[in-house]
Structure formats: structure tokens, C-alpha cells
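S.K.: A predicted structure for the sequence below; I have some questions about it.
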Amino acid sequence: MQAAASLSLASSPSSATASRSARFAEYSGSDAFLRPFSSLRLCGLRREVLASRFLHRHWSSRTALSCARRPPRKVSAAATDNGGAAKGFDYDLVIIGAGVGGHGAAIHAVERGLKTAIIEGDIVGGTCVNRGCVPSKALLAVSGRMRELQSEHHLKSLGIQVSASGYDRQAVADHANNLASKIRGNLTNSLKALGVDILTGVGTIVGKQKVKYGKVGFSDTEVTAKDIIIATGSVPFDHALKLEWVPDWIAIVGSGYIGLEFSDVYTALGSEVTFIEALDQLMPGFDPEIGKLAQRILINPRKIDYHTGVFASKITPAKDGKPVTIELIDAKTKAPKDTLEVDAALIATGRAPFTKGLGLENINVVTERGFVPVNERMQVIDANGNLVPHVYCIGDANGKLMLAHAASAQGISVVEQVYGNDNVLNHLSIPAACFTHPEISMVGLTEPQAREKAEKEGFTVSVAKTSFKANTKALAENEGEGLAKTRHWEILGVHILGLHAADLIHEASNAMALGTPIQHIKFAVHAHPTLSEVLDELFKSAKVDIGTSHAVTEPVPV
Ligand SMILES: Cc1cc2nc3c(=O)[nH]c(=O)nc-3n(C[C@H](O)[C@H](O)[C@H](O)COP(=O)(O)OP(=O)(O)OC[C@H]3O[C@@H](n4cnc5c(N)ncnc54)[C@H](O)[C@@H]3O)c2cc1C
Ligand SMILES: NC(=O)c1ccc[n+]([C@@H]2O[C@H](COP(=O)([O-])OP(=O)(O)OC[C@H]3O[C@@H](n4cnc5c(N)ncnc54)[C@H](O)[C@@H]3O)[C@@H](O)[C@H]2O)c1
């Protein structure tokens, strides 16, 4: 199923107008969090419905501070130093969009001695810093602690007594907002410290190696660049991060990363959640076995119910004291199924690229569902299937892998090419994580995908699994729930659900990126007692048949 697909709302990105001023106005005001008034029912309960609202933007970058301290860089024949551009150009590199992708590319470009400018039409940091990863992880930090404090049984088993737990909604919201501002400041300062020119305004490609930019209502300035990177990201649907109120009952449309993370936040803060998922099971993007375990740990014990195999076909925002209404239709037959009345609705059905008004028509590029077509080197492909010289597109705008670190890694890969080093990023080795409690992480193929590949290519897949239940550190924390699984001696994929899964995945993703096979990594030594021994055990339990060359390990049921 395509992200961003099928849900049409007044506030959805598809309603974006072509005008640049309207684009940015809409960007800052789109309202995916819809709310009501009045009383309604869920799971047989009647409840008083709260009025209210949500919304807006905030977040940052991890590389910012360390990069400011990097040593002077070497300058190749292909590049000038940071003071002067290639002959005949204002800049060696102009990047349109200062999100994490653009930021990662800019600091690496300076390191490579390229005279670099970054054009930003809104605020530095983009989605991740201002409206995505950063504020959502601040909220998840709160939900994690709330869960611990609310789990009397868990605390008691550790010998801890806590009389009551509670939270101050505004203080929680401030924590998310302040973190976003702080990281945005770090990002901006790191660009300035490295001598990247930050050009304010909406960037438009006006022709070969030419970009204009300008604030809405002011005249544009034109700059030339030897190479251009488009890093304009996506239009987020989600503005629930300001936490202006906590609804009693919230419907979350879509059970992907955003839906699952917000269900963790809202249930910890006291809301009841109803998931609406178009596919036949919840969390359809995850490895099926991990998805089942996630349902057992993250859904069933919480105040969450769900409708699967249905589309939210129409959502009517709260108005004049009436609740939000959500019309559900059967995903296959399209027959009407149900209508829900809820306090609030959060739309998490994927994100749409932010590529309108970029002037792509001036370089003969036609988007595909809004995404900029690129090859494996992020070089932009025109309407005739030819590469557009000197134009690249990274991050959410190309739709390859809509993750912050993928955007940044693609940016670094492009800068290497611009510098003269061929570089192709291995997307299969890029990890992903969902920051629920406990976390889920993954890299590479799911088990069905691995089996399909094996059938096509004629090899056998074996699967190894291990449980957190046997891990001393996890047991010391009284957090023994979890599973890690891998497949294939080359490591085709690893999936983890359990304590600190988001940190644990990197041993596997680095092994995949470096091509380290299981029969080598299984001899690596891990400190005891640590959670990393979960992966140690996983790799050691993999049955490697070097003769037939494809072994896998099976997990112990948890
Ligand atoms: C709620 C939420 C939580 C998330 N959590 C995570 C997470 O935990 N981990 C993770 O890896 N990813 C997460 N993501 C995804 C992550 O935020 C994106 O993948 C990432 O921000 C993409 O970076 P980008 O640089 O491609 O685009 P963006 O961050 O969207 O930045 C693009 C920038 O370009 C600017 N721009 C657009 N058009 C123009 C123009 N014409 N001229 C000038 N400037 C322009 C925009 O204003 C913006 O600043 C989350 C997303 C959301 C919505
Ligand atoms: N921790 C992280 O890394 C993190 C966190 C949040 C977001 N993200 C990024 O943001 C992107 C978007 O996240 P997301 O959760 O919005 O998208 P997603 O693609 O992960 O999940 C969307 C879900 O919505 C369902 N859906 C689509 N249309 C529907 C409809 N009309 N009715 C009911 N269900 C519908 C889909 O079947 C799917 O399960 C992700 O691709 C991810 O890359 C990452």
C-alpha cells in the first residue's frame, strides 16, 4: 500500500496550491488533528467529550555539535575551498531545503571543501527537528516514564513503592517544544560555524545550474551552482505534537510508525485509542512475527481497540459542539461499514512529498505521485528517462526511505559523488526504529521478503531467533519481553522487539553495511551483562551451512 494514499481531507497536502506563499502558509497550518465537542461512545462506554485543539511545529540534529569541531578539510582538484566556488559559479553546491537531509549534505560538503549554500523557505531543521522525530521522541520519553510509574506490579517486583503518578500537560508540551528549539539552534549554529551560507526564501530551479530564492512578497535573487541538491522533504500530516489537550478518545488512522508511537504517548497520558487500518492486520509494514508480538505487548494490554480492513473514507472535523466523525468503508468492496464519533482524530497514513513550485518543469522533470524520480545515486531523472546533469534529490522528496538518517546518508553520498568519489548507498542496510515501550527495530528484509528472494535466486533461508527472557540485563531490569530474529548467513534482515531495540539494531545494520557474515560476527565478544548479548546469542545460534551458503536461525518463542 502506498503511503500518503487514499485519504482525502480538506487539510491534506494534496490540497496544496501551486503558489509559493500558499504552500508555506498551508505547510504551517495544515490540521491533521481534528476535534469535537459533545458526548459519545466507544467500546460501550459513554464519555464526556472535551473541546480543543492541537498543532504546530518543532525539533534537531545529532551531528551539529561534533561537526563544528572537525579539522580543516582537504580540497580536491574537483572542488574549490570554502571561500571560492568553481569557476563561473556562485557556489559549488546549492541545497534547497534545510531539513536533516540538507543539513547533513551541507556539513559534509564543507568538509569536502565545497563552497555551499542552503536555501530554506521556512525554519531550519525541517520536519524531523520541528514537527517529527525530535518533539515526538520528547513525548515518548514522557510516556515511557509514565508507563514505568503506572506499572505498580513491575515496580513492586523491583522493591519500589510509588504512591501516585501524574503529569502536567503544559510542562510536557514545553519539554517537546523546548527540545525542538534547542536542536534547531544547534543545527543553525553548526551551519553558520562551518561557513555555509543560509539563504532565506523559497527556492526554485529556474534553469541549468540556476536557482532563485526569495521571501514571499519580495523580489527573488538568482544564484548559480555547479551542482544542486533538492532536499525539500515532505508535508507532514501530523500536528499533534503541541499537546494542547489530551483527548479522552482518539482515533488514529493508520497503524504505521507514527500511529504506533502516538498510541504509546496517548495511552500513557490516559486516552483511549481506536486504530483504523486499511490492511487486514495492524502494523502491516513490520515483519509478521514481530507484528504479532507487538500486538500482544503494545496493543492488547492497553486501552486500544481497532478496525482493520477498512478505510477512513471521510473525516468531518468537530464543529458547533459536534464530535469528529469518521466514516469507514470496507477496504476491498468499498461498502460502508461504520461511522465513529470521537474526541479527536490523528491521521497517520503516510506523508506526501513537498515538491510543488520547485520549478521542476524548467528541467523537464515530472514527479511520480509528487516524488522526484532518482536513480540509485540520487541523480534526478527527467521525463524522457535521462539523467539531469548536476541535479540530485535526497530525503523524503524522493520517497526511497522516509527516515531522517536515510535523508542525511543520501546527502553525504551525493556530496561524495560531487567531490569525485563514486558512491552508492546500500539502502538495505539502513536501520529503522519505532520508539514505543518497548521499542521495535529492524534492518533489511522481513521473513516473507527473504523467503521470496531465496525462491527467486535458488537458495535456502534459515531463520534464527532469540528471546530477551534469557538475557541477564533485561531480567535485572525486569523487562524480559522481546524477540530478536535474523535470517541468512549474509544477514538479509534482523528484527528486534524489546528493551532498547533501537540501539541494539546497529550491530546488525553495520554488519550488513560492511558485508560481515554471521560466521564472522558470531566470534565477536560482548560485555556481560549487557542487552547486546541478545544479538550475540542470536548470531551464535544461527545455523550456518557454508556449503550451501545460506543459513538462518530460529527464535525461541517468548
Ligand atoms: C511525527 C513524525 C515522527 C518522525 N519520527 C522519526 C524518527 O523517529 N526517526 C526518523 O528517522 N524519522 C522520523 N520521521 C521522519 C523524518 O522526520 C523525515 O524522514 C525527515 O525529516 C526527512 O528529512 P528531509 O531533509 O528529507 O525533509 P524535511 O525534514 O521535511 O526538510 C525539508 C525542508 O525543506 C524546506 N523546503 C521545502 N520546499 C522548499 C523550497 N522550495 N525552498 C526552500 N525550502 C524548502 C522545508 O521548509 C523543510 O525545512 C518522523 C516524521 C514525523 C512526521
Ligand atoms: N521512528 C521512526 O523512524 C518514524 C516515526 C514516525 C514516522 N516515521 C516516518 O514517517 C513515515 C510516515 O509514517 P506513517 O505512520 O504516517 O506512515 P506508514 O506508511 O508507516 O503507515 C501508514 C499506515 O496507514 C495505513 N493507511 C493508509 N491509508 C489509510 C486509510 N485511508 N485508512 C486506514 N488506514 C490507512 C497503511 O496501511 C499503513 O499501515 C514513515 O514511512 C516513516 O518513514 C518514522
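M.R.: Now that the structure is in, tell me what you want to look at. Ligands and ions are numbered 1, 2, ... in the order given.
S.K.: which residues in the stretch 151-300 of the chain form helices?
M.R.: 152-157, 169-193, 257-268, 288-294 (DSSP state H, counting those that start in this stretch).
S.K.: of those, which is nearest ligand 1?
M.R.: helix 257-268 (5.0 Å; Cβ to the nearest ligand atom). (Each C-beta comes from the backbone N, C-alpha and C, glycine too.)
S.K.: state the mean pLDDT of the closest one.
M.R.: Helix 257-268 carries an average pLDDT of 97.
S.K.: picking that back up, can I get the helices of the stretch 151-300 of the chain in a markdown table with mean neighbour count and distance to ligand 1?
M.R.: Shown next, in a markdown table, are those (neighbours: other Cβ atoms under 10 Å; distance: least, Cβ to the nearest ligand atom, whole Å):
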| stretch | mean neighbour count | distance to ligand 1 |
| --- | --- | --- |
| helix 152-157 | 12 | 25 |
| helix 169-193 | 19 | 10 |
| helix 257-268 | 24 | 5 |
| helix 288-294 | 20 | 16 |
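S.K.: and those: which comes nearest Pro301?
M.R.: helix 257-268 (9.7 Å; Cβ to Cβ).
S.K.: which strand is the longest one in this structure?
M.R.: strand 221-230 (DSSP state E).
S.K.: what's it packed up against?
M.R.: Other helices and strands packing on strand 221-230, by 3 or more Cβ pairs under 8 Å, 6 or more residues apart in numbering; DSSP states H and E, are strand 91-96, strand 202-207, strand 210-214, strand 387-393, helix 404-419.
S.K.: let's see 7 Å
M.R.: strand 91-96, strand 210-214, strand 387-393, helix 404-419 (3 or more Cβ pairs under 7 Å, 6 or more residues apart in numbering; DSSP states H and E).
S.K.: among the ones you listed, which is nearest Ile258?
M.R.: Across these, closest to Ile258 is helix 404-419 (Cβ to Cβ), at 13.3 Å.
S.K.: returning to that earlier point: quickly run through the sheet partners of the longest strand of the chain, with directions.
M.R.: strand 91-96 (parallel), strand 210-214 (antiparallel), strand 387-393 (parallel) (DSSP bridges).
S.K.: winner for burial among the ones you listed?
M.R.: strand 91-96 (a mean of 29; mean count of other Cβ atoms under 10 Å).
S.K.: and it, how far out from the chain middle?
M.R.: Between the centre of strand 91-96 and the centre of its chain there are 25 Å (Cα atoms, centre = their mean, to the nearest Å).
S.K.: and the gap between Tyr86 and ligand 1?
M.R.: Just so we're on the same page, residue 86 is Ala rather than Tyr. 23 Å (Cβ to the nearest ligand atom, to the nearest Å).
S.K.: to clarify, my last question referred to Glu457.
M.R.: Taken as Cβ to the nearest ligand atom, the span from Glu457 to ligand 1 is 30 Å.
S.K.: look at that residue and say how many residues are nearby.
M.R.: 8 (other Cβ atoms under 10 Å).
S.K.: mind checking how far it is from Ala450?
M.R.: 11 Å (Cβ to Cβ, to the nearest Å).
S.K.: now distance to Phe371 too, for the helices of the stretch 151-300 of the chain, in a markdown table please.
M.R.: Converted to a markdown table, these look like this (distance: least, Cβ to Cβ, whole Å):
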| stretch | distance to Phe371 |
| --- | --- |
| helix 152-157 | 44 |
| helix 169-193 | 25 |
| helix 257-268 | 18 |
| helix 288-294 | 26 |
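S.K.: closest to ligand 2 out of those helices?
M.R.: Of all the helices of the stretch 151-300 of the chain, helix 257-268 comes closest under Cβ to the nearest ligand atom, at 3.4 Å.
S.K.: what residue in the stretch 351-500 of the chain comes nearest to ligand 2?
M.R.: Met402 (3.6 Å).
S.K.: and that residue, how many neighbours?
M.R.: Neighbours around Met402, by other Cβ under 10 Å: 23.
S.K.: which ones are touching it?
M.R.: The contact partners of Met402, taken as Cβ atoms under 7 Å, 6 or more residues apart in numbering, are 234, 351, 396.
S.K.: tell me how many other residues surround the residue in the stretch 201-350 of the chain positioned nearest to ligand 1.
M.R.: In the stretch 201-350 of the chain, the residue that lies nearest ligand 1 is Gly233 (2.1 Å; Cβ to the nearest ligand atom). Neighbours of Gly233 under the rule other Cβ under 10 Å: 27.
S.K.: so how far is stretch 443-460 from its chain's centroid?
M.R.: On Cα atoms, centre = their mean, the centre of stretch 443-460 falls 25 Å from the chain's centre.
S.K.: so for that stretch, what gets flagged as buried?
M.R.: Buried positions in stretch 443-460, judged by neighbour count with 16 or more other Cβ atoms under 10 Å: 443-447, 450-451, 454.
S.K.: determine if any part of that stretch is in contact with ligand 2.
M.R.: No - Stretch 443-460 lies out of reach of ligand 2 by Cβ under 6 Å from any ligand atom, never closer than 12.2 Å.
S.K.: kindly report the same for stretch 250-268.
M.R.: Yes - legend: contact between stretch 250-268 and ligand 2 by Cβ under 6 Å from any ligand atom is shown at 253-259, 261.
S.K.: any figure for the gap between His108 and Gln449?
M.R.: His108 is 31 Å from Gln449, by Cβ to Cβ.
S.K.: oh, that last question was meant for Asn510, not what I typed.
M.R.: Taken as Cβ to Cβ, the span from Asn510 to Gln449 is 21 Å.
S.K.: show me which residues of the protein are close to ligand 2?
M.R.: Contact residues, the chain versus ligand 2 (Cβ under 6 Å from any ligand atom): 1, 3, 5-7, 253-259, 261, 276-279, 284-285, 311-312, 348-351, 402-403, 432-435.
S.K.: buried ones among these?
M.R.: The buried subset of the residues of the chain next to ligand 2 (16+ other Cβ under 10 Å) comprises 3, 7, 253-259, 261, 276-278, 285, 311-312, 348-351, 402-403, 432-435.
S.K.: picking that back up, closest one to Arg184 among the strands paired with strand 221-230?
M.R.: strand 91-96 (17.0 Å).
S.K.: and the angle for the helix or strand following the closest one with helix 404-419?
M.R.: For strand 91-96, the following helix or strand on the C-terminal side (DSSP states H and E) is helix 100-111. If you take axes from the mean of the first three to the mean of the last three Cα atoms, to 10 degrees, helix 100-111 sits at 40 degrees to helix 404-419.
S.K.: for helix 100-111, packing partners?
M.R.: Using 3+ Cβ pairs under 7 Å, 6+ apart: helix 100-111 touches strand 91-96, strand 116-120, helix 126-130, helix 169-193, helix 404-419.
S.K.: and the longest one, what's its mean pLDDT?
M.R.: Put plainly, it is helix 169-193. 97.
S.K.: now the first one
M.R.: Per-residue confidence for strand 91-96 averages out to 98 on the pLDDT scale.
S.K.: one more: stretch 325-332?
M.R.: On average, stretch 325-332 scores 97.
S.K.: go on, stretch 109-120?
M.R.: 97.
S.K.: looking at the helices and strands packed on strand 221-230, which is nearest to Thr316?
M.R.: Closest among the helices and strands packed on strand 221-230, once you apply Cβ to Cβ, is helix 404-419, at 33.1 Å.
S.K.: who's in contact with the helix or strand that comes right after the closest one?
M.R.: Downstream of helix 404-419, the next assigned helix or strand under DSSP H and E is strand 432-434. The contact list for strand 432-434, computed with Cβ under 7 Å, 6+ apart, reads 257, 260-261, 403, 439-442, 501-502, 505.
S.K.: just give me how far strand 432-434 sits from the chain centre.
M.R.: 8 Å.
S.K.: on that earlier part again, ligand 1: which of the helices and strands packed on strand 221-230 is closest?
M.R.: So among those, helix 404-419 is nearest, using Cβ to the nearest ligand atom, at 3.5 Å.
S.K.: export that closest one as PDB, just CAs?
M.R.: The C-alpha coordinates for helix 404-419 follow below in PDB (Å, rounded to 0.1, in the frame of the first residue of the first chain):
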ATOM      1  CA  ALA A 404      15.800  11.200   8.900                       C
ATOM      2  CA  HIS A 405      19.100   9.300   8.900                       C
ATOM      3  CA  ALA A 406      18.400   8.000   5.400                       C
ATOM      4  CA  ALA A 407      18.000  11.600   4.200                       C
ATOM      5  CA  SER A 408      21.200  12.600   5.700                       C
ATOM      6  CA  ALA A 409      23.100   9.500   4.400                       C
ATOM      7  CA  GLN A 410      21.800  10.100   0.900                       C
ATOM      8  CA  GLY A 411      23.100  13.700   1.200                       C
ATOM      9  CA  ILE A 412      26.500  12.500   2.200                       C
ATOM     10  CA  SER A 413      26.500  10.000  -0.600                       C
ATOM     11  CA  VAL A 414      25.700  12.800  -3.200                       C
ATOM     12  CA  VAL A 415      28.400  15.000  -1.800                       C
ATOM     13  CA  GLU A 416      30.900  12.200  -2.300                       C
ATOM     14  CA  GLN A 417      29.900  11.900  -5.900                       C
ATOM     15  CA  VAL A 418      30.100  15.700  -6.500                       C
ATOM     16  CA  TYR A 419      33.500  15.600  -4.900                       C
END
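S.K.: alright, calling it a day.
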